[in-house]
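Visitor: Attaching a predicted model along with its sequence, questions to come.
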Amino acid sequence: MLKKLVLFDIDGTLLKVGSINRRILIDALREIYGTEGSAGSHDFSGRMDGTIIYDVLGKTGIERREIEEKFEAVKASYIRRFREETRESDITLLAGVRELLQRLSERTDLLLGLLTGNFEASGRHKLRLPGINSYFPFGAFADDAFLRTDLPPVAVERAFRLTGKKFSGKDIVIIGDTVHDITCARVLQAHSIAVATGNVSMEKLRENRPGKLLENLSRTESVIHSILNP
């Protein structure tokens, strides 16, 4: 019987993507808007893909109306380029991830899903390249909301549609590498597990009081214990 919903972030939590991700976004922005804005230096960590596009163009002088009108075009360009140009060698699967996902998928009391700032198509491609996409039957993505804190209810509703179970409170576990993931857990009063495998330090994550703080996901038994015992 299902007891817990476990939602994973992608970038910095499950894997890392090389510099190609930033380059592809820059190429898409230049193609559609004629400028990359601040995409060359913007901090993408924990951010929604859609929000990033607005943020990096915010000081270019381009009116918000124009950004809105061309948004779907730049999104399509980015996704197309990402699928065409990104290779398995551009993806680094983080320590312990494959072993952890395999162990979790073998349990009948857990449902795995995604809660990520990625657009679904590009996010799925990141997972597909190292062969871990199949572990996640559903998720909540940047396509579903502009604000990351709006994603948790989307994920819970999709889990309900899939299983008929309405997960709530500490029955929901959100695993991620940024403060944004911890904040998302608080939206639902869920259990958060922060991992210091991204660009945010252990100290910064600790300051934001996650339910559990881990250096990485390499100690499989310890991670599973943290999931089952909030």
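Guide: That came in fine, so what should we check first? What you see is a predicted model, and the numbers here were worked out from it, not measured in a lab.

Visitor: only C-alpha atoms for contact and neighbour calcs from this point on.
Guide: OK.

Visitor: Show me where this structure has its helices.
Guide: 20-33, 49-56, 64-85, 97-105, 120-128, 151-163, 179-187, 202-207, 220-228 (DSSP state H).

Visitor: Which among those is found nearest to Lys3?
Guide: The closest of the helices of the chain to Lys3 is helix 220-228. By Cα to Cα, the value is 9.2 Å.

Visitor: Just the buried residues of the closest one, please?
Guide: Neighbour counts over helix 220-228 (16 or more other Cα atoms under 10 Å) mark Thr220, Val223, Ser226, Ile227, Leu228 as buried.

Visitor: For that helix, what does the pLDDT average out to?
Guide: For helix 220-228, mean pLDDT rounds to 97.

Visitor: thinking again about what came up before, and the buried residues of helix 220-228 as TSV, adding distance to Arg206?
Guide: As requested, the buried residues of helix 220-228 are exported to TSV (distance: Cα to Cα, whole Å):
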residue	distance to Arg206
Thr220	21
Val223	17
Ser226	16
Ile227	18
Leu228	20
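
Visitor: sorry, back to before: now render the helices of the chain as JSON lines, adding distance to Lys4.
Guide: Compiled in JSON lines, these are given as follows (distance: least, Cα to Cα, whole Å):
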{"stretch": "helix 20-33", "distance to Lys4": "32"}
{"stretch": "helix 49-56", "distance to Lys4": "28"}
{"stretch": "helix 64-85", "distance to Lys4": "32"}
{"stretch": "helix 97-105", "distance to Lys4": "11"}
{"stretch": "helix 120-128", "distance to Lys4": "22"}
{"stretch": "helix 151-163", "distance to Lys4": "11"}
{"stretch": "helix 179-187", "distance to Lys4": "14"}
{"stretch": "helix 202-207", "distance to Lys4": "23"}
{"stretch": "helix 220-228", "distance to Lys4": "8"}
